[in-house]
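In: Need a 3D model of the following:
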Amino acid sequence: MSHKNKKGSIQVISRAASIMRALGMSSNGISLGQLSARCDLPRSTVQRIVTSLVAEGLALHLGGNQGFTIGPEIQALASSCKINVWRSIHPHFSALSHETGETVDLAVLQGGAMLFVDQVPGHHRLRAVSEPGERFSALLTANGKACLSLFSDEQLRQEFNVKDDFLQEIIEVRRTSLAWDFDEHTQGVSAIGSAFFGFDGQYYAVSIPVPSQRFKKIKDKLAPALLHCIKEIKEASIDK
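Out: All right, here's what the predicted structure looks like:
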């Protein structure tokens, strides 16, 4: 394969990956025009790639004007891969809980909400606990803000309808890789979170929710411990 053809093939893969991420972020279907805008690609290019993805079962046409979504082949692979992601991550945030003595959560971004998928409870009698399976707004939680910081400002405006004051907070989250929730989602509970891109193509965050009266005293100690945990998770993912 010539250098020119190889470069073209890589570009097609990159574009297809961008389109599939956009498909995965839309729970109700997305049109070709919307895909074109979000991926910053010509509509004709998007249509050609989406047609190929549909033929392979990697995308699905919902019919009528409902647009497209992730196809059955991806959904089957994702179900298996998600379980593997959760299993591979668990030892890392379990160690974080043991180190800090606090509850540690794992959540995945789905649409505009964070779905809690795993948790290690802390050992304090007064502790914050959320049941796996619960969903909380990504805009009001530390883990949600952490995941949203991985998107561009334009994506946040278009896909999550965020305002300028929220974007200012996200700028700081990007700088530090840490997001905070001071009694925003639940009165009396504060949290710190940090996000990463899973090898299954999903946006994940590890967070430490703590009763606010204790959080203020220990938050500066939680930050480096959480960042170290995320670093280990990312390094383990690279090894795969």
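In: Look up the closest residue to residue 41, ignoring the ones flanking it.
Out: With sequence-adjacent residues excluded and distances taken as C-beta to C-beta, 6 or more residues apart in numbering, residue 41 is closest to residue 15, at 6.0 Å. Using the backbone N, CA and C atoms, a C-beta is placed for each residue, glycine as well.
In: So that neighbour is in contact with residue 48, correct?
Out: No. Residue 15 is beyond contact range of residue 48, at 9.6 Å (criterion: C-beta atoms under 8 Å).
In: which stretches of this structure form helices?
Out: Secondary structure of the chain (DSSP state H): helices at 3-25, 32-39, 43-55, 72-100, 142-148, 153-160, 164-176, 212-239.
In: and residue 189, which of those is closest to it?
Out: helix 212-239 (6.3 Å; C-beta to C-beta).
In: show me what contacts residue 74?
Out: 20, 24, 57, 58, 59 (C-beta atoms under 8 Å, 6 or more residues apart in numbering).
In: and these, which are buried?
Out: 20, 24, 58, 59 (16 or more other C-beta atoms under 10 Å).
In: Looks like the third one contacts residue 51 (just checking).
Out: No. In this structure, residue 58 is not within contact of residue 51 by C-beta under 8 Å, at 11.1 Å.
In: Who are the contact partners of the most centrally placed residue in the chain?
Out: The centre of the chain sits closest to residue 203, judged by C-alpha atoms, centre = their mean, with a distance of 1.9 Å. Neighbouring residues of residue 203 by C-beta under 8 Å, 6+ apart: 108, 109, 147, 150, 195, 197.
In: just for the protein, where's the confidence low?
Out: Scanning the chain for pLDDT under 70 picks out 1-8, 26-27, 75-84, 127, 129-131, 238-240.
In: could you redo the last one with a cut-off of 50?
Out: Within the chain, no stretch has pLDDT under 50.
In: Next, count neighbours for the closest residue in space to residue 113 that isn't next to it in sequence.
Out: Of all residues not flanking residue 113 in the chain, residue 135 sits nearest, at 4.4 Å (C-beta to C-beta, 6+ apart). With neighbours defined by other C-beta atoms under 10 Å, the count for residue 135 comes to 14.
In: next one: residue 208
Out: Residue 208 has 29 nearby residues by other C-beta under 10 Å.
In: quick one, what contacts it?
Out: Applying C-beta under 8 Å, 6+ apart, the residues near residue 208 are 96, 100, 102, 103, 104, 105, 191, 192, 193, 222, 226.
In: Check residue 42 too.
Out: Counting by C-beta under 8 Å, 6+ apart, the residues that residue 42 touches are residue 36.
In: Residue 24 contacts residue 70, doesn't it?
Out: Yes. Between residue 24 and residue 70 there is a contact at 5.3 Å, judged by C-beta under 8 Å.
In: the more surrounded of residue 15 and residue 48?
Out: More crowded of residue 15 and residue 48, by other C-beta under 10 Å: residue 15, with 17 against 13.
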